[in-house]
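Q: My questions concern the predicted model and sequence given below.
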Amino acid sequence: MPYVNIRIAGNLSREQKARIAAEITDTLERIALKPASYTYIAFDELPDENWAIAGKLLDED
C-alpha cells in the first residue's frame with residue numbers, strides 16, 4: 001500500500017490537490033504496478049513562517 005505525504009509551504013486549492021493526487025496515483029499504478037485503490041496521499045500545508053531556506057524564513061522579504 002503506497003502512502004505519499006506531500007508537505008508544502010502555503011496552500012493549494014482543492015482542484016490542485018485533486019490533480020496532484022490523480023497524477024501521483026496514476027504514476028504509482030503505471031510504474032510501480034500498485035492498484036489505485038491502495039494508494040493513500042496526505043497533504044500537509046504549512047505556513048511560510050514554518051519553512052526556512054538558506055537560513056531565512058519564507059515569509060521574510
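A: Alright, I've got the coordinates.
Q: rest of the way, CA atoms for contacts and neighbours
A: Will do.
Q: And the helices in this structure, which stretches?
A: Assigned helices in the chain, in chain order: 14-31 (criterion: DSSP state H).
Q: Can you give me the neighbour number for residue 21?
A: 19 (other C-alpha atoms under 10 Å).
Q: and the closest residue to residue 34 other than its chain neighbours, what does it touch?
A: Computed as C-alpha to C-alpha, 6 or more residues apart in numbering, the closest residue to residue 34 that is not its neighbour in sequence is residue 28, at 5.8 Å. By C-alpha atoms under 8 Å, 6 or more residues apart in numbering, the contact set of residue 28 is 34, 35, 36, 39.
Q: likewise residue 36?
A: By C-alpha under 8 Å, 6+ apart, the neighbours of residue 36 are 25, 26, 28, 29.
Q: ok, and the most crowded of those residues?
A: residue 25 leads the contacts of residue 36 on contacts (other C-alpha under 10 Å) with 21 neighbours.
Q: Distance of that one relative to residue 1?
A: Note on residue 25: its distance to residue 1, by C-alpha to C-alpha, to the nearest Å, is 11 Å.
Q: distance of the residue nearest to residue 34 from residue 18?
A: 15 Å.
Q: what about residue 37, neighbour count?
A: Neighbours around residue 37, by other C-alpha under 10 Å: 10.
Q: what's the pLDDT at it?
A: In the predicted model, residue 37 carries a pLDDT score of 96.
Q: And the one 10 residues further on, by the same measure?
A: As summarised for this prediction, residue 47 has a pLDDT of 94.
Q: Quick one: residues contacting it.
A: Neighbours of residue 47 in contact, by C-alpha under 8 Å, 6+ apart: 9, 10, 11.
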